[in-house]
Every structure is written in C-alpha cells, then in structure tokens.
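Visitor: got a predicted model here, sequence first, then my questions.
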Amino acid sequence: MNWIIRSTKIVKLHTNLYEVLKPIWEDLIDYDWVLTNLDFMSDDEIPINFDKDYFVLNSKEFETLYQSRTQIIWGIISAVPKNTQLDINCISNLSAEDEKAWKHNEFLIEESFLEIVAYDSGYTIVKFKDEKISNQFKEYFQDQAIDLQKFNEKCIN
C-alpha cells in the first residue's frame, strides 16, 4: 500500500497535491493535515509559507492548498485524524531525506492515515494505511504508481 510516482503523464508537476490526491480526495475531507520540511513554489495565496518549520491545517485550509497550483519540491504531507495530539518537536525536525521515507510501511509521522513525501521535484512517495483508498489511488495511476518495495529492490538496493 506504498507507492512511488517517478514520471507520469497524469501529474504535470511533482508534487502538485490536486493531481496526486485527485482520485481519493473525497475520502480525505475529514482529516487534519501536517506539513513539514517544505520547499515549494506557488503563484496562489496559500495557508503555508517559509516562516515556520511546520503547519497543521484543518480540512478547509488544506483544501485551499489542494485547489492551488502549488508544486511541493520537498516535504512531508500527512493526513491525521482531526484533533490528534502530535509531538510538535518531532514533527518540526522531520526531513523528507530521512531513510525511513523510502521504507515500505514506515511512516515518518506515526499518526498518519496517509503520508506523502515529496523528494526533490522528481519523486512522490505515497503511503496508505487504508487498503481501499490505496487501491483507488493505484487504479487511477495504473502502471505509473510503482510499488515502493519493488522500486527499492530494483533501484536502491
């Protein structure tokens, strides 16, 4: 239930949240969102900036980001159940370059329902805890979503 998107005809920008989350968006509207270790480009007014190390957005704030034309170059984006108590010290120190980001079924933010790691504008790692939503994602992206474990066996190990 862990995928990596490297190059695709569907996604014009790595990692544009609208394009990445489009097939599963309706299943994600009841979550809060944690964003950390961000580097991004946007021409739109969005609820994130470079003044903080992390952001916790409610579903309405995240929808503004989702609807924008924003490219996440680096970062960790995580859907967590609403009102989850988070270890902010830990979250503010997370890095998309952490080796754990590439490991199958390991989440950088334990409370994550879904976790996206944007890695250098070229790789988007998407991890799920819900098999049904993972299958919807895979069905939409088809062969463009590569199993993370198989990718690691072929390209990293």
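Guide: Structure's in. What do you need?

Visitor: any stretches of this protein with poor pLDDT?
Guide: 7-14, 156-157 (pLDDT under 70).

Visitor: can you show me the strands along the chain?
Guide: 2-5, 31-42, 54-57, 70-81, 114-119, 123-128, 145-147 (DSSP state E).

Visitor: those: which one's closest to Thr64?
Guide: With CB to CB as the criterion, Thr64 lies closest to strand 54-57 of these, at 8.4 Å. Glycine gets a C-beta too; all of them are placed from N, C-alpha and C.

Visitor: contact partners of that closest one?
Guide: Here strand 54-57 makes contact (CB atoms under 8 Å, 6 or more residues apart in numbering) with 32-38, 47-48, 65, 86, 88, 91-92.

Visitor: now the two most distant members of the residues you listed.
Guide: So, those by CB to CB: farthest apart are Leu65 and Ile88, at 19.7 Å.

Visitor: of these two, who's got more company?
Guide: Leu65 (22 against 13; other CB atoms under 10 Å).

Visitor: hmm, the more buried one is touching Thr15, no?
Guide: No: using CB atoms under 8 Å, Leu65 is not in contact with Thr15; the gap is 11.6 Å.

Visitor: buried ones in the longest helix along the chain?
Guide: Taking DSSP state H as the criterion, the chain has its longest helix at helix 131-141. Buried residues in helix 131-141, counting neighbours by 16 or more other CB atoms under 10 Å, are found at Ile133, Ser134, Gln136, Phe137, Lys138, Phe141.
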